[in-house]
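A.B. asks: Sequence plus the predicted model coming up.
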Number of protein chains: 2
Amino acid sequence: MTALLKQNIAAHTSLSETEMEEFCNLFELKSIPKKSFLLREGEVCKFEGFVVKGLFRVYHIDKNGFEQVLYFAIENWWITDIDSFTTETPSQLFIEAIEDSEVLLISKKDKEFAYANLPKIEKLFRVMTQKTHVALQRRMIDNLSKTAESRYIEFAEKYPQLIQRLSNIQVAAYLGITNVFLSNIRKKIASKK
Amino acid sequence: MTALLKQNIAAHTSLSETEMEEFCNLFELKSIPKKSFLLREGEVCKFEGFVVKGLFRVYHIDKNGFEQVLYFAIENWWITDIDSFTTETPSQLFIEAIEDSEVLLISKKDKEFAYANLPKIEKLFRVMTQKTHVALQRRMIDNLSKTAESRYIEFAEKYPQLIQRLSNIQVAAYLGITNVFLSNIRKKIASKK
DNA sequence: TCAAAACATTAAACTAGTTTAAAAAATCAA
DNA sequence: TTGATTTTTTAAACTAGTTTAATGTTTTGA
């Protein structure tokens, strides 16, 4: 049940077998049906999650009612609102299942326990946060410098397995454009081929 | 000499006096004159830095020659290319002093030493990276959802001490707009008052 | 299986932001 | 202090992306 999780952790850092067992036992499996929420705006995020099956979107709704997707998470990805989780303040984000999903959750308390008792876990999450941060820096630079068209092309190339599971509305909300404009871009690309 | 650094660290985590001393002794002070570089594209970033005096810009130059500012760093801020530093690959960034500056630098080797021998340091950098990541997530959402005008207004409100030390060209490169358009925005705001 | 809902496309008018270039203002270096 | 360089502003033509609304297409759920 936690095989994928163990594999994911092993890719980031090396734990002994007992450390791995002890840490993974802190997780609990939860099923989230399509269109239901793991987290809503205003709630304090009390978990960190690892997607075993399915697809989530993590997004914000601005004061005009527009949604901005911070990221998607499929199998083998982590999800949380790191801000709300660490500061224990109400979240500004929604985490919604786009497909029927299964996620392994660790509570704040158990994660603190792991930090205190399994020193390598501190390192694991430092390394993971660093990697996530680097990826977001790259995306920030891309958003500052590239047109929506090339951002779309690169997103489609980088995550081909993801894009076919997403609606254009969701992709547009990730790219920071309207779905109408995304439709224009797709038409333009298709006509080039 | 390291008083500001100690204060900054203490704000993130609690170290004993000896831990603090031992860690801070790993840093070396370096002066960087205005317009010179702490890091250039293509170099491997071998340090993590803490700004004691002055002002830096961390930026990328895209293939069309346009500069995108990832962030600025004044007194009491940390600077590095976390990607290049951790993966030991050539950097895609420039770090340039905008004013005559002084930084406290710790080498990769000494930071690894600290991670290995001062367990709380692992936590310190996990917490700092998390905070930096949260700030970047907020900026990402703002860039996806807000107009350049409100991004400018909010930047000016959030960092009043910074904006008066920066040229419009640099602010525009941070906001992701041209300096011509920033000039229009400033004119519009000024006429409203 | 069919009606309703959600999604994708198209078009046309619009606005936010760019480009180029030139002039004015500020800063820098000798 | 002055000439050179950099920065800021202005203007005008342009392009990337939005808005609204209508139409067609796909998905959903009872």
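C.D. replies: Arrived safely. Every value quoted in this text rests on a predicted model; they were computed, and no experiment measured them.

A.B. asks: contacts and neighbour counts: CA atoms only from here.
C.D. replies: Fine.

A.B. asks: contact partners of stretch A:67-84?
C.D. replies: A:4-5, A:8, A:44-45, A:47-62, A:89-91, A:93, A:162, A:170, A:173-174, A:176, B:130-131, B:134, B:137, B:140-141, B:144-145 (CA atoms under 8 Å, 6 or more residues apart in numbering or on different chains).

A.B. asks: Which of the residues you listed fall within strands?
C.D. replies: Mapping those onto strands (DSSP state E) picks out A:47-53, A:55-61.

A.B. asks: residues from chain A in reach of DNA strand D?
C.D. replies: Counting by CA under 7 Å from any atom of the strand, the residues of chain A lying close to DNA strand D are A:146-149, A:176-181.

A.B. asks: Only the buried subset of those, as a PyMOL command please.
C.D. replies: Isolation of the buried members of those (16 or more other CA atoms under 10 Å in any protein chain shown) is achieved in PyMOL through the command below:
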select buried, chain A and resi 148+149+176+177+178+179
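
A.B. asks: right, and the pair among the residues of chain A next to DNA strand D with maximum separation?
C.D. replies: The widest separation within the residues of chain A next to DNA strand D, taken as CA to CA, falls between A:K146 and A:V180 and amounts to 18.8 Å.

A.B. asks: Select from the ones in strands among the contacts of stretch A:67-84 the one having the most neighbours.
C.D. replies: When neighbours are counted by other CA atoms under 10 Å in any protein chain shown, A:F56 leads the ones in strands among the contacts of stretch A:67-84 with 29 neighbours.

A.B. asks: The closest residue in space to that residue that isn't next to it in sequence and A:F50, how far apart?
C.D. replies: Taking CA to CA, 6 or more residues apart in numbering or on different chains, and ignoring the residues beside it in sequence, A:F56 has A:A97 as its nearest neighbour in space, at 4.4 Å. According to CA to CA, to the nearest Å, A:A97 and A:F50 sit 13 Å apart.

A.B. asks: ok now do the nearest residue to A:V58 once chain neighbours are set aside, which residues does it touch?
C.D. replies: Distance criterion CA to CA, 6+ apart; nearest residue to A:V58, sequence neighbours excluded, is A:I95 at 4.5 Å. With contacts defined as CA under 8 Å, 6+ apart, A:I95 is in contact with A:37-40, A:56-59.

A.B. asks: do the same with A:L136
C.D. replies: When contacts are counted by CA under 8 Å, 6+ apart, A:L136 is found next to B:136-137.

A.B. asks: Equivalent analysis for A:A156, please.
C.D. replies: Contacts for A:A156 were tallied using CA under 8 Å, 6+ apart; they are A:I163.

A.B. asks: same thing with A:T2?
C.D. replies: Going by CA under 8 Å, 6+ apart, A:T2 touches A:C24.

A.B. asks: again with A:F125
C.D. replies: Listed by CA under 8 Å, 6+ apart, the contact partners of A:F125 are B:R126.

A.B. asks: And the host helix or strand of it, what's buried?
C.D. replies: In the assignment (DSSP states H and E), A:F125 maps to helix A:119-145. Of all the residues in helix A:119-145, those buried under the rule 16+ other CA under 10 Å are A:120-131, A:133-134, A:136-137, A:140-145.
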